[in-house]
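Chemist: predicted structure and sequence below. I'll ask about it afterward.
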Amino acid sequence: MSASNTYQRSDAESQLIELRDSARQVLSGLGLAVNEEKVWPIVTDLGWLLVGVPETLGGLEQGVTGSCAFHAELGRSLAAAPYAAATIAIDAICHSTLANQQSLIERFATGEIVTASLAESAVAIASNKVTGTMTAVPSADKASHVLVCVENSELVALLSLNQPGVEITARQTWDTTRRLFDVRFADVALDETLTLASGADAKTLSSRISTLRDFALAADAVGGAEALLEMTVEYLKTRKQFGRPLALFQALKHRCADLKMLISSAEALLNDSLSRVGNQLDGAQAVAMGKAAKYLACSVYARVAEESLQLHGGIGMTSEYPCHLYLKRALLNEHLGSGNYELDIADHFLS
Amino acid sequence: MNSTVDSNNLREEVRAWLTQNVPQDWRQAMTGTDQDAFVKAQRDWFNKLVAAGYATPHWPEGWPGGGRSLADQKIIYEETARADAPRLILFFVALYHSACTLMEWGTQEQKEKYLPGILKGEIWCQGFSEPNAGSDLASVKTRAELKGDRYVINGQKTWSTMAQYADKCLLLTRTGKSEPPQGGLTYLLLDMKAKGVSVRPISQITGDDEFAEIFFDDVEVLVEDRVGKDGEGWAVAQSTLSSERGLTLVELTQRMRYSLAKVAEVMRERGRASDPAIRKELGALIAKVNASCALADQYLLKRISGTEAAGDASIVKLNYARTLREFTKLGMSISGLQGQYFEDFTRGGSQETGNWTVDFMNSYNWSIAGGSDEIQRNIIAERMLLMPREPKNWQLS
């Protein structure tokens, strides 16, 4: 009954949908939980690391929304690529004042791995030397550099991982779809040419980095939860007991419907937050939005994974069936990031 | 034409008007008041909105206030929530259900007969649910028998909001027995003052009597007051039920978001402002409330762009019902024993009056009315996830 409503999809939106569809096609061709050796060359060959990079730096200018679409696709397929860490580091380079920005981005987008922590770090600086520990750093054994945010946001820099004073320790996680490492620095000298920001700029950039990480984890969770629910529903349609498919039982249908609703709400919050923040990822408002999106998406993912295991029954407990891979990725996601999410969201609201 | 500039203008215009016109302290005035005072306040507010053209933005061009795009309607709803204006509860059925049903299915004569009355403040109620036809709406039994130029109606309706104040009724009746049951239904417009109509308000768990039962004893309705054809009632009723097209949930989710401040308020009042356990729950709730707003927003965008899929509306409603329950429950739990002492409630708000126990009880309106959570889950499972339907031939063993 309303007056004419017109809606035209923008070119950028159409381009992103195409990119995402082709990513899904490529990844589904590779199969679930494809390992890093197989998927990383594809990620770099197809230019997926350039999705969020500005056009002026040779990127596709799809912003955070763009890279999040890829986080979601990689999350769907449980791919083992250090994509989130690398996009975060590359984004930091884009938002630095480095003279050699362009050449660094080219290097890191075409195969050389740059990584970053997906959790808390405790790294301090004294007389231009870095000391401390970073946790949950994906693929640090293969990366040439790591993004470091120094405590109290004094400094954001890239550090070479191939130098004396750097100790890399593999941490075996229950989630086998990601390879996480601790990285320890003992009096490692800063390379001035790789300093991305210092002083007030470092504070701004650190805040951008943590928001970006929250959005990346949220997108990974939304993608994973969607794929897992689809898989679970498919299983319930196939599996027969009492002479009928399990999908016919209302008790199970309603649980799936609840999960679908929860995933939709997490996805809606993520998309809404991304469109609100645009490219303004620093600042209290954006940080709070990133935290809310991450908190909701990761808690929903964990819930979907817990329910899916139960809905699969015995087969869900077997290692050959991928249910547990989603569960373990979901559980890890809930504990990545930094801070106490619910409390931080409340603090921002009450302040 | 620049639509962003236009919508900014509209937003400012509506905002300014609301600042001037929302009755001062209406919440206080509507607390502990009787229903007649509430009805009067609703009429005053309705008349103001009609005069300003903000009551009927969803009506077609040519009607006062009509011809606005969904995007503009959304702005009006958002601003109404932002201004904490009273909700037009008493006129909701008239403005949305009746008007939209008539616009879509009504004859020219019916439109001319009924729509001006709605603008003058006629109150309508919905006669759909029956004691034995709730979630299973197609099984209505209220009988309409065609005798010459009129139908003769016998039966009973229930859960009809504000029926005790209604002038007119949207009535879903059974005229045939055909299979499937949806086939034998006929949609009529009934004058609540007609002979043989009696209304009995239902006392609710809050002590309010917002809805009522309606009884029909040989009530006559002229054939000219039938909407659609004989036997076409189910399709007409579907239009009625989808008439507000997600706008209500945009408004309600926004109201819930603005009302998060009330949770902070009760935390302070009860000395729990720095309790980390409560703060943690608040943080989780904030994320969920913002997600509910985003879902409602995106649902409306889908409607605007014509990309709505089956089940989308059910997701939004199920999500709102659940978030609203959590929201009111948190407020109630923070209130502690204090919240269990009776306090007069406020009429005309939604479920964010700050009288947490009443708000909590009223939150069940959203998980039961308008298709219960269970019905929404069926729709999501069957139409979105494409899980099979229940077998039809159930037998008592």
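Modeler: Looks like it came in fine. Numbering: from 1, shown residues only, chains lettered A, B, ... in the order given.

Chemist: next secondary structure after the longest helix along chain B?
Modeler: The residue-count maximum for a helix in chain B (DSSP state H) belongs to helix B:276-305. Next along the chain after helix B:276-305, taking DSSP states H and E as the criterion, comes helix B:312-335.

Chemist: contacts for stretch B:249-257?
Modeler: Residues outside stretch B:249-257 that contact it (CB atoms under 8 Å, 6 or more residues apart in numbering or on different chains) are B:74, B:77-78, B:80-82, B:84, B:87, B:289-290, B:292-293, B:295-297, B:299-300, B:316-317, B:320, B:323-324, B:327, B:350-352. The C-beta positions use only the backbone N, C-alpha and C, and glycine is treated the same way.

Chemist: selection in PyMOL covering whichever of the residues you listed are buried, please.
Modeler: If you want just the buried ones from those in PyMOL, going by 16 or more other CB atoms under 10 Å in any protein chain shown, the selection is:
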select buried, chain B and resi 74+77+78+80+81+82+87+289+290+292+293+295+296+297+299+300+316+317+320+323+324+327+350+351+352
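
Chemist: what packs against the helix or strand harbouring B:C125?
Modeler: Assessed by DSSP H and E, B:C125 sits inside strand B:124-127. Counting contacts by 3 or more CB pairs under 8 Å, 6 or more residues apart in numbering or on different chains; DSSP states H and E, strand B:124-127 packs against strand B:150-161, strand B:168-174, strand B:211-222.

Chemist: tell me which residues touch B:R27, please.
Modeler: The contact partners of B:R27, taken as CB under 8 Å, 6+ apart, are B:84, B:346, B:348-349, B:353.

Chemist: what subset of the residues you listed is buried?
Modeler: Buried members of those, counted by 16+ other CB under 10 Å: B:346, B:348-349, B:353.

Chemist: and of these, the nearest to chain A?
Modeler: Comparing these against chain A with CB to the nearest CB places B:T353 closest, at 20.5 Å.

Chemist: what about the closest one, which SS state?
Modeler: At B:T353, secondary structure determined by DSSP: H, G, I helix; E, B strand; the rest coil is coil.

Chemist: just to revisit the earlier point, now the angle from the longest helix of chain B to helix B:312-335?
Modeler: Comparing the axes of helix B:276-305 and helix B:312-335 via axes from the mean of the first three to the mean of the last three CA atoms, to 10 degrees yields an angle of 160 degrees.

Chemist: phi, psi for B:A144 please.
Modeler: phi -120, psi 120 (degrees, to the nearest 10).

Chemist: and what of B:S274?
Modeler: phi -110, psi 10.

Chemist: what's the answer for A:F185, then?
Modeler: phi -110, psi 130.

Chemist: list the contacts for residue 139?
Modeler: No chain in the question, so chain A it is. With CB under 8 Å, 6+ apart, A:S139 has these contacts: A:36, A:82, A:85, A:113, A:115, A:179, A:181.

Chemist: not quite, go with chain B.
Modeler: B:132-133, B:181.

Chemist: same check, this time on A:Q310
Modeler: Contact partners of A:Q310, counting by CB under 8 Å, 6+ apart, are A:G316.

Chemist: other residues contacting stretch A:55-70?
Modeler: Against stretch A:55-70 from outside (CB under 8 Å, 6+ apart): A:12, A:15-16, A:19-20, A:23, A:47-48, A:50-54, A:83, A:87, A:91, A:94, A:101-102, A:105-106, A:109, A:212, A:215-216, A:218-219, A:270-271, A:274-275, A:277-279, A:281.

Chemist: tell me the buried residues in stretch A:61-75?
Modeler: Counting neighbours by 16+ other CB under 10 Å, stretch A:61-75 gives A:62-75 as buried.

Chemist: and those residues as JSON lines, adding pLDDT and secondary structure?
Modeler: Shown next, in JSON lines, are these (pLDDT from 0 to 100; DSSP: H, G, I helix; E, B strand; the rest coil):
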{"residue": "A:Q62", "pLDDT": "94", "secondary structure": "coil"}
{"residue": "A:G63", "pLDDT": "94", "secondary structure": "helix"}
{"residue": "A:V64", "pLDDT": "96", "secondary structure": "helix"}
{"residue": "A:T65", "pLDDT": "96", "secondary structure": "helix"}
{"residue": "A:G66", "pLDDT": "96", "secondary structure": "helix"}
{"residue": "A:S67", "pLDDT": "96", "secondary structure": "helix"}
{"residue": "A:C68", "pLDDT": "97", "secondary structure": "helix"}
{"residue": "A:A69", "pLDDT": "97", "secondary structure": "helix"}
{"residue": "A:F70", "pLDDT": "97", "secondary structure": "helix"}
{"residue": "A:H71", "pLDDT": "98", "secondary structure": "helix"}
{"residue": "A:A72", "pLDDT": "98", "secondary structure": "helix"}
{"residue": "A:E73", "pLDDT": "98", "secondary structure": "helix"}
{"residue": "A:L74", "pLDDT": "98", "secondary structure": "helix"}
{"residue": "A:G75", "pLDDT": "98", "secondary structure": "helix"}
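
Chemist: closest one to B:W17 out of these, please.
Modeler: A:T65 (35.3 Å; CB to CB).

Chemist: ok, the closest one to chain B distance?
Modeler: Here A:T65 is placed at a distance of 14 Å from chain B (CB to the nearest CB, to the nearest Å).

Chemist: ok, now how distant is that residue from A:V277?
Modeler: Distance of A:T65 to A:V277, computed by CB to CB, to the nearest Å: 10 Å.

Chemist: show me the beta-bridge partners of A:M134.
Modeler: Taking DSSP bridges as the rule, A:M134 bridges to A:S121, A:V183.

Chemist: my guess is it contacts A:L118. True?
Modeler: No - when contacts are counted by CB atoms under 8 Å, A:M134 is not listed as touching A:L118 (9.7 Å).

Chemist: which stretches of chain A form helices?
Modeler: Going by DSSP H, chain A shows helices at A:11-30, A:36-45, A:63-76, A:83-94, A:101-109, A:200-238, A:250-277, A:284-312, A:323-335, A:341-350.
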